[in-house]
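Colleague: Here is the input, now give the coordinates:
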Amino acid sequence: MAHFAEIDNTGKVLRVLVACNQDILNNGGDLSEQAAENFKKVAPLSKEGIKWVQTSYNNNFRKQFANSNFIYDSVKDIFISPKPFNSWILNSNNNWEAPVPYPSDITFGGPDQNNNYLTYVVNWDEDNKRWIGFDYNVPPNKFAWILESSSWVSTS
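Modeller: The predicted model follows:
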């Protein structure tokens, strides 16, 4: 199955629909303007839509599969995910990157935190521009990642 993203005049993805592979093959093939134009007959553009752009469910082209609110960069011919936080920047690989690198270690805690050393709960704290982590205690202990020392500090 082929997929097409409807794009508005700012490049924002409005919706993604499935197309028939045979229709694509019969109308210029994958990534062709002809197939995109033909898709307008099958699925007319919405009021805000200006064109259909093919997207790859398997991320085989145009960087990644488009979803609502992604942006289509027509110069780079790729789909870019929404910016997760205001402080994040788009890196040279067109991925959003926090101003502080993701922690190199997700172990924290110690005897005073009941020896819970591992976690999978690490989130970005936009207000303080830092990574925070939580252990699995009830209630959970909270930790802040300190880049300079590459370590976690309890904030609970």
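
Colleague: Could you use CA atoms for every contact and neighbour count after this?
Modeller: Noted.

Colleague: do you know how far the residue nearest the centre of the chain is from Lys40?
Modeller: Residue closest to the mean C-alpha point of the chain, counted by CA atoms, centre = their mean, is Ser81 at 4.1 Å. Distance, Ser81 to Lys40, by CA to CA, to the nearest Å: 24 Å.

Colleague: what does Val16 give?
Modeller: 13 Å.

Colleague: who's more crowded, the two?
Modeller: Ranked by neighbour count (other CA atoms under 10 Å), Val16 and Lys40 place Val16 first, with 19 against 13.

Colleague: So that one, which state does it fall into?
Modeller: Under DSSP: H, G, I helix; E, B strand; the rest coil, Val16 falls in the strand class.

Colleague: Tell me what it is bridged to.
Modeller: Ala5 (DSSP bridges).

Colleague: For it, list the residues it contacts.
Modeller: Applying CA atoms under 8 Å, 6 or more residues apart in numbering to Val16 gives the contacts His3, Phe4, Ala5, Glu6, Ala66, Asn67, Ser68.

Colleague: And the pLDDT at Asn116?
Modeller: Listed pLDDT for Asn116 reads 49.

Colleague: rewinding a little: can you flag the buried ones in the contacts of Val16?
Modeller: The neighbour-count criterion (16 or more other CA atoms under 10 Å) marks His3, Phe4, Ala5, Glu6, Ala66, Asn67 among the contacts of Val16 as buried.

Colleague: ok so, going back, format the contacts of Val16 as JSON lines; extra columns: distance to Cys20.
Modeller: Formatted as JSON lines, these follow (distance: CA to CA, whole Å):
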{"residue": "His3", "distance to Cys20": "9"}
{"residue": "Phe4", "distance to Cys20": "11"}
{"residue": "Ala5", "distance to Cys20": "14"}
{"residue": "Glu6", "distance to Cys20": "16"}
{"residue": "Ala66", "distance to Cys20": "18"}
{"residue": "Asn67", "distance to Cys20": "19"}
{"residue": "Ser68", "distance to Cys20": "20"}
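
Colleague: Distance to Ala98 and pLDDT added to those, as a markdown table?
Modeller: A markdown table is the format used below for the contacts of Val16 (distance: CA to CA, whole Å; pLDDT from 0 to 100):
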| residue | distance to Ala98 | pLDDT |
| --- | --- | --- |
| His3 | 30 | 96 |
| Phe4 | 30 | 97 |
| Ala5 | 27 | 98 |
| Glu6 | 29 | 98 |
| Ala66 | 22 | 98 |
| Asn67 | 22 | 97 |
| Ser68 | 22 | 95 |
